[in-house]
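In: Build me a structure from this.
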Amino acid sequence: MKHISFIFIVLLFITTCFVDTENAPCISSNNCPSGQYCSKDDYRCHKTSFEPYSCEKSECNEKEFCYPVDRTCHLIDEIGFDCESYFDCPPGQLCNGDKKCEPPEEPQCKDNNECKKTNVEEATCSDGVCHINKCSLGFSDKDMDFSNGCENMLPCSDDGKEPYEECTGNNVCKCNSDCIILSNFYGVNYDKGSCLTRCSPTDVNKSFDNMLCSCTANEMGVCKRANLFETAMLTGKVRAKLTETCDDFINGSTVFQEISFKMAGNTSYYNRGSACKKTEDGKPVINVSLFKICTLLPC
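Out: The predicted structure is shown next:
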């Protein structure tokens, strides 16, 4: 137990006290006297004539880097800088759990491709350390750990896709819209959808909070109530028998000449329709359904 305490006291001395001898052990340049710095190669103090200078208006010289925290040029070979992410550290160093820059125990990479993990769009290998420069749309590298890539899925993206652009999830759309994917009813099966803009708080057509809406080309910016998806022109004539109930739309349907509509580059065809009377919001309405029968079953 006394042996462990002695080691702790020695470590405490190294981390909190200055040394005045060259080649003295150190864990950051703060441990070294003026005119010396702590090298990442051997964790010892070495004499230098280098003086930090501003990098606000010019780049740093070779074997120097611009430290983002104080915007001054420092030696790349220094260790122990304070950091929030690996972008604060010199090339070849990473930000550890204590928020200090240090070299990894082993190199993480040899080239940029070794740094492209899950959901990583751009990454660089800098002196054996991976830096993720850009995540795929809708993701972020929250834990600053290159090994698991960009692990954090965002609810939306500020640089995401515009309304009506094709999407595969809400996280790829801009933050004022959601990705709406059509279901596979009535023979339409989409694995992608469109980013649709949310109604503004002052929209008079909004029927409930956070409602999604789309706008027609000739009324851009005007949200239409319940117009939640893209629209398309039907081609053909619809004919249906009006019934008193909407429960059995297949048996109550009418066969007609096949009609079609085209949406998102796909064409869907329908050859049956039904119509029924119903009441919505206390008002009588006629509900028309279109579907397709393939052999004996709806498809």
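In: going forward, measure contacts and count neighbours with C-alpha atoms only.
Out: Will do.
In: Could you report the neighbour count for residue 242?
Out: 17 (other C-alpha atoms under 10 Å).
In: mind listing the strands for the stretch 51-200 of the chain?
Out: 53-54, 64-67, 72-75, 94-95, 101-102, 120-126, 129-135, 139-140, 152-153, 166-167, 177-180, 193-197 (DSSP state E, counting those that start in this stretch).
In: The fifth one pairs with which strands?
Out: Read it as strand 101-102. Here strand 101-102 is paired, per DSSP bridges, with strand 94-95 (antiparallel).
In: re the thing from before, I'd like to know which of the strands of the stretch 51-200 of the chain lies nearest to residue 280.
Out: strand 177-180 (24.9 Å; C-alpha to C-alpha).
In: Against which helices or strands is the closest one packed?
Out: strand 193-197 (3 or more C-alpha pairs under 8 Å, 6 or more residues apart in numbering; DSSP states H and E).
In: Now do the helix or strand immediately after the strand it packs on in the chain, average pLDDT.
Out: Going down the chain from strand 193-197, the next helix or strand is strand 242-243, by DSSP states H and E. In this model, strand 242-243 carries a mean pLDDT of 80.
In: what does strand 242-243 rub up against?
Out: Taking contacts as C-alpha atoms under 8 Å, 6 or more residues apart in numbering, the residues outside strand 242-243 that touch it are 252, 274-277.
In: could those residues be laid out in JSON lines, adding neighbour count and secondary structure?
Out: Below are the contacts of strand 242-243 laid out as JSON lines (neighbours: other C-alpha atoms under 10 Å; DSSP: H, G, I helix; E, B strand; the rest coil):
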{"residue": "252", "neighbour count": "18", "secondary structure": "coil"}
{"residue": "274", "neighbour count": "24", "secondary structure": "strand"}
{"residue": "275", "neighbour count": "22", "secondary structure": "strand"}
{"residue": "276", "neighbour count": "21", "secondary structure": "strand"}
{"residue": "277", "neighbour count": "14", "secondary structure": "strand"}
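In: got those as CSV, with distance to residue 131 columns?
Out: Compiled in CSV, the contacts of strand 242-243 are given as follows (distance: C-alpha to C-alpha, whole Å):
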residue, distance to residue 131
252, 64
274, 60
275, 61
276, 62
277, 63
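In: Sort these by pLDDT and name the bottom one.
Out: residue 252 (67).
In: C-terminal to the least confident helix or strand in the chain by mean pLDDT, what's the next element?
Out: The least trusted helix or strand in the chain, going by mean pLDDT, DSSP states H and E, turns out to be helix 2-16, with a mean of 44. The helix or strand immediately downstream of helix 2-16 is strand 36-38, counting by DSSP H and E.
In: which residues make contact with the next helix or strand after that next one from outside it?
Out: Note on strand 36-38: by DSSP H and E, the next helix or strand toward the C-terminus is strand 45-47. Under the criterion C-alpha under 8 Å, 6+ apart, residues 21-26, 29, 32, 35-39 lie in contact with strand 45-47.
In: Filter those residues down to the buried ones, ChimeraX style.
Out: Those of the contacts of strand 45-47 that count as buried under 16 or more other C-alpha atoms under 10 Å are selected in ChimeraX with:
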select :22,23,24,25,26,29,32,36,37,38,39
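In: and which of the contacts of strand 45-47 is nearest residue 103?
Out: Using C-alpha to C-alpha, the contacts of strand 45-47 come closest to residue 103 at residue 39, 10.4 Å.
In: Dig out what that closest one forms beta bridges with.
Out: residue 78.
In: Relative to residue 286, which of the strands of the stretch 51-200 of the chain is closest?
Out: Closest among the strands of the stretch 51-200 of the chain, using C-alpha to C-alpha: strand 177-180, at 26.5 Å.
In: Report the mean confidence score over the closest one.
Out: 80.
In: send the alpha carbons of it over as PDB?
Out: Output of strand 177-180 as PDB, limited to C-alpha atoms (Å, rounded to 0.1, in the frame of the first residue of the first chain):
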ATOM      1  CA  SER A 177     -39.700  19.300 -43.200                       C
ATOM      2  CA  ASP A 178     -40.300  15.500 -42.900                       C
ATOM      3  CA  CYS A 179     -39.800  12.600 -45.200                       C
ATOM      4  CA  ILE A 180     -43.200  11.200 -46.300                       C
END
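In: buried sites along it?
Out: 177-180.
In: Go through the residues you listed and say which is closest to residue 70.
Out: Using C-alpha to C-alpha, the buried residues of strand 177-180 come closest to residue 70 at residue 177, 38.5 Å.
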